[in-house]
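Below: sequence and its predicted model.
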Amino acid sequence: MATTASVYRTDDQIQRDVLDELAWDAQLRATDIGVSVRDGVVTLTGQVDSAARKWAAVRGAQRMRGVRAVADDIEVIPVGPVDITDGALAIAVSRALEWNSFVPAQQLDLTVANGWVMLRGEVEFGWQRRTAERELRRIRGVRGVTNLVEVRPPARPDPDRTRRAVQRALLRGIGTERVTVEVHGDTVTLTGMVRSWWERDQADRVAWSAEGVCGVRNELLVGG
């Protein structure tokens with residue numbers, strides 16, 4: 001049964017598209033991932049060997065037309081050499097942050113337990129927080145990341161100025177006026193409708209990139 005958000009795509013069509021996308025993506029082993037769809041909601045199951053593959057599978061499903069949401073039940077189980085200790089992994093993730101010129105690595109602390117990375121600290125911009133997490137998810141041996149980094153801008157933003165700036169950026173980036181932007185203190189709230197998960201992600205990125213923003217509530221719906 002198709003819902004309004006996926007009126008031109010049945011669940012069977014969406015499932016086939018997701019399976020084809022996962023098989024086409026060179027980052028994945030499609031046979032390791034199960035896909036089921038109900039009312040436009042995709043559920044992914046199975047096992048992969050890294051957090052990077054897990055994230056790539058979720059993003060691949062989100063790219064498909066008609067997908068309303070993705071339930072991620074994929075388990076990360078590293079394979080191959082078992083000599084990647086938490087100590088070695090901690091060194092690897094530390095170096096990854098240090099090599100990224102956009103991340104203030106000296107302001108971040110991390111711990112590793114059973115392949116899971118806990119990231120703490122403070123940054124000035126929301127996009128720095130997102131960049132740090134993205135870098136860590138790409139490292140072999142990382143099973144997951146808990147991002148507890150706080151955004152503390154040097155100055156509080158002007159809500160009206162921030163709202164106008166985000167709206168202009170959204171028009172430039174995704175060309176839609178169906179997104180409503182509200183700013184309360186240092187938090188941006190996005191509501192309305194976008195045409196794809198790509199547009200939803202772009203709107204989220206734009207909001208986090210605004211100066212002085214410490215939080216983003218992305219309530220955008222994906223529809224036709």
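On my side now, so go ahead.

tell me the mean pLDDT over stretch 160-178?
Across stretch 160-178, pLDDT averages out at 88.

for that stretch, the distance to its chain's centre please.
20 Å (CA atoms, centre = their mean, to the nearest Å).

how about it: buried residues?
Neighbour-count burial for stretch 160-178 flags T162, R163, A165, V166, A169, L170, I174, T176 (criterion: 16 or more other CB atoms under 10 Å). For the C-beta atoms, the positions are set from N, CA and C on the backbone; glycine is no exception.

same deal with stretch 140-150?
So stretch 140-150, judged by 16+ other CB under 10 Å, has buried residues G141, V142, R143, V145, V149.

First-to-last residue distance for it?
25 Å (CA to CA, to the nearest Å).

For the buried residues of stretch 160-178, give me TSV that also has secondary structure.
As requested, those are arranged in TSV below (DSSP: H, G, I helix; E, B strand; the rest coil):
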residue	secondary structure
T162	helix
R163	helix
A165	helix
V166	helix
A169	helix
L170	helix
I174	coil
T176	coil
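
picking that back up, filter the buried residues of stretch 140-150 down to the ones in strands?
V145 (DSSP state E).

Now flag whichever of the buried residues of stretch 140-150 is closest to V93.
V142 (7.0 Å; CB to CB).

residue contacts, the closest one?
Going by CB atoms under 8 Å, 6 or more residues apart in numbering, V142 touches S50, A51, A52, L89, V93, G115, W116, V117, L136.
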